[in-house]
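**Student:** Sharing a sequence plus its predicted fold:
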Amino acid sequence: QVQLVESGGGLVQPGGSLRLSCATSGSVFSISAMGWHRQTPGKQRELVAAISSGGTTIYADSVKGRFTISRDNAKNTVYLQIHSLKPEDTAVYYCNVDTWLSKVVGGKGDYWGQGTQVTVSS
């Protein structure tokens, strides 16, 4: 089993920045791929960004150039640096991890965090 703890969400003004963190623990040896998804009420959860163990990154078109995913393998932690936040970025952000990048990209990774709320509002 793998446990995930997310942090870093909050209320921020448009144009602001945040850094989300997702710390993993437990059977982390099985984890290669890590990613972030987000969900707003009434909408399906969508991929924001994903990263492989080798550093390959994938981003949703809507966040390219504003969001940066990174990982610290020594700390078993994945980060999401967000700049130039827009009101439409308001959502609950979830960390998702798995052995396979394709599963994380598809939102089908085996392990999920509890979610952290990001609200962009003036």
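**Tutor:** Okay, I see it.
**Student:** contacts and neighbour counts: CA atoms only from here.
**Tutor:** Will do.
**Student:** which secondary structure elements does the strand or helix carrying Leu20 contact?
**Tutor:** Counting by DSSP states H and E, the element that carries Leu20 is strand 18-26. Using 3 or more CA pairs under 8 Å, 6 or more residues apart in numbering; DSSP states H and E as the contact test, the elements touching strand 18-26 are strand 2-7, strand 77-82.
**Student:** Can you list the strands that the next helix or strand along the chain from the first one pairs with?
**Tutor:** Pointing back at strand 2-7 there. For strand 2-7, the following helix or strand on the C-terminal side (DSSP H and E) is strand 10-12. According to DSSP bridges, strand 10-12 forms sheet pairs with strand 116-120 (parallel).
**Student:** and the angle from the partner strand to strand 2-7?
**Tutor:** Interaxial angle of strand 116-120 relative to strand 2-7 (axes from the mean of the first three to the mean of the last three CA atoms, to 10 degrees): 30 degrees.
**Student:** mind checking how far strand 116-120 is from the chain centre?
**Tutor:** Centre-to-centre, strand 116-120 and its host chain are 12 Å apart (CA atoms, centre = their mean, to the nearest Å).
**Student:** And stretch 2-9, by the same measure?
**Tutor:** Centroid separation for stretch 2-9 versus its chain: 9 Å, with CA atoms, centre = their mean.
**Student:** Find the residue closest to the most centrally placed residue in the chain in space, skipping its chain neighbours.
**Tutor:** Nearest residue to the geometric centre of the chain (CA atoms, centre = their mean): Trp36, 2.2 Å. Counting by CA to CA, 6 or more residues apart in numbering, Trp36 lies nearest to Cys95, which is 4.7 Å off, once chain neighbours are set aside.
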